[in-house]
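Student: Predicted coordinates and the sequence they were generated for:
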Amino acid sequence: MRSNVVINDELMASALKASGLKTKKYAIEEGLKLLIQVKGLKEIKEYRGKLKWSGDLDEMRTDK
């Protein structure tokens, strides 16, 4: 999808420098991937304390 957006020049320069990426396109794509990843982690946190697990950690930790 092609889009035209206005991006703060200082913000873009900082993102390129921090990431080591060579193009604005790559920086934007990496930023979008990171946004999706962070949002996914927030959704996972909603399950904290709500899932049941059964197993034997001592058994799992032994080398067989």
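Tutor: Yep, it's here. Just so it is clear, the structure is predicted and the values come from calculations on it, not from any experiment.
Student: residue contacts, residue 12?
Tutor: 24, 27 (C-beta atoms under 8 Å, 6 or more residues apart in numbering). Glycine gets a C-beta too; all of them are placed from N, C-alpha and C.
Student: going forward can the numbers begin at 14, since that is how I track them
Tutor: Noted, 14 is the first residue going forward, which turns the last one into residue 25.
Student: Is residue 25 in a helix, a strand, or coil?
Tutor: Here residue 25 is recorded as helix under DSSP: H, G, I helix; E, B strand; the rest coil.
Student: can you give me the helices in this protein?
Tutor: Under the criterion DSSP state H, helices of the chain are mapped to 22-32, 37-58, 70-73.
Student: ok, and what's touching the second one?
Tutor: The contact list for helix 37-58, computed with C-beta under 8 Å, 6+ apart, reads 20, 25, 28, 29, 32, 34.
Student: Now the buried members of these.
Tutor: 28, 34 (16 or more other C-beta atoms under 10 Å).
Student: need the helices of the chain in CSV with mean pLDDT and distance to residue 16, can you?
Tutor: Formatted as CSV, these follow (pLDDT from 0 to 100; distance: least, C-beta to C-beta, whole Å):
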stretch, mean pLDDT, distance to residue 16
helix 22-32, 98, 15
helix 37-58, 94, 9
helix 70-73, 87, 48
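Student: Of the ones you listed, which is nearest residue 14?
Tutor: When the helices of the chain are compared for distance to residue 14 using C-beta to C-beta, the nearest one is helix 37-58, at 11.4 Å.
Student: tell me the angle the closest one makes with helix 22-32.
Tutor: Angle, helix 37-58 to helix 22-32, by axes from the mean of the first three to the mean of the last three C-alpha atoms, to 10 degrees: 80 degrees.
Student: that older thread, would you mind putting the helices of the chain into TSV with distance to residue 64 alongside?
Tutor: Output for these, formatted as TSV (distance: least, C-beta to C-beta, whole Å):
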stretch	distance to residue 64
helix 22-32	35
helix 37-58	10
helix 70-73	16
